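K.L.:
turn this into a model:
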Amino acid sequence: MSQILKILFIEDSEEDVTLLVRFLKQGGYVFDYTRVDTLEMLRATIDEDRWDVIVADYVLPKLSGLEALHFIKQRD
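P.N.:
Numbers count the residues shown, from 1 in each chain. Predicted coordinates for the structure are as follows:
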């Protein structure tokens, strides 16, 4: 049985996430994912579940990659 990975995408582009999801599925990965693009969404989501992988865009209109990293490091 394959382990189901929990992936959190910090990304403002749904199209980019769709491409990444397609790529990961083609690679044989089994996963559930959530996409967030604001600090408020990140706050709500990070405590909701345990994430195996976090994939982050570095520059977002409402959130910077460094801001997301600092927030996540404070939580874990």
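
K.L.:
contacts and neighbour counts: CA atoms only from here.
P.N.:
Noted.

K.L.:
secondary structure class for the residue lying closest to residue 53 once chain neighbours are set aside?
P.N.:
Nearest non-adjacent residue to residue 53, counting by CA to CA, 6 or more residues apart in numbering: residue 7, 4.8 Å away. What DSSP: H, G, I helix; E, B strand; the rest coil gives for residue 7 is strand.

K.L.:
can you read off the pLDDT for residue 7?
P.N.:
According to the per-residue confidence, residue 7 scores 97 in pLDDT.

K.L.:
that one against residue 51, yeah?
P.N.:
Yes - Residue 7 is within contact range of residue 51, at 5.9 Å (criterion: CA atoms under 8 Å).

K.L.:
need the longest helix for this protein.
P.N.:
As assigned by DSSP state H, the longest helix anywhere in the chain is helix 14-26.

K.L.:
which outside residues touch that one?
P.N.:
9, 11, 35 (CA atoms under 8 Å, 6 or more residues apart in numbering).

K.L.:
dump those residues into JSON lines; add neighbour count and distance to residue 69 as well.
P.N.:
Shown next, in JSON lines, are the contacts of helix 14-26 (neighbours: other CA atoms under 10 Å; distance: CA to CA, whole Å):
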{"residue": "9", "neighbour count": "22", "distance to residue 69": "13"}
{"residue": "11", "neighbour count": "23", "distance to residue 69": "13"}
{"residue": "35", "neighbour count": "20", "distance to residue 69": "15"}
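
K.L.:
residue 66: which of those residues is nearest?
P.N.:
Checking those against residue 66 by CA to CA gives residue 11 as the nearest, at 13.2 Å.

K.L.:
quick one: contacts for that closest one?
P.N.:
17, 35-37, 56-57, 60.

K.L.:
residue 12 now?
P.N.:
Residues near residue 12 by CA under 8 Å, 6+ apart: 36-37, 57, 60-61.
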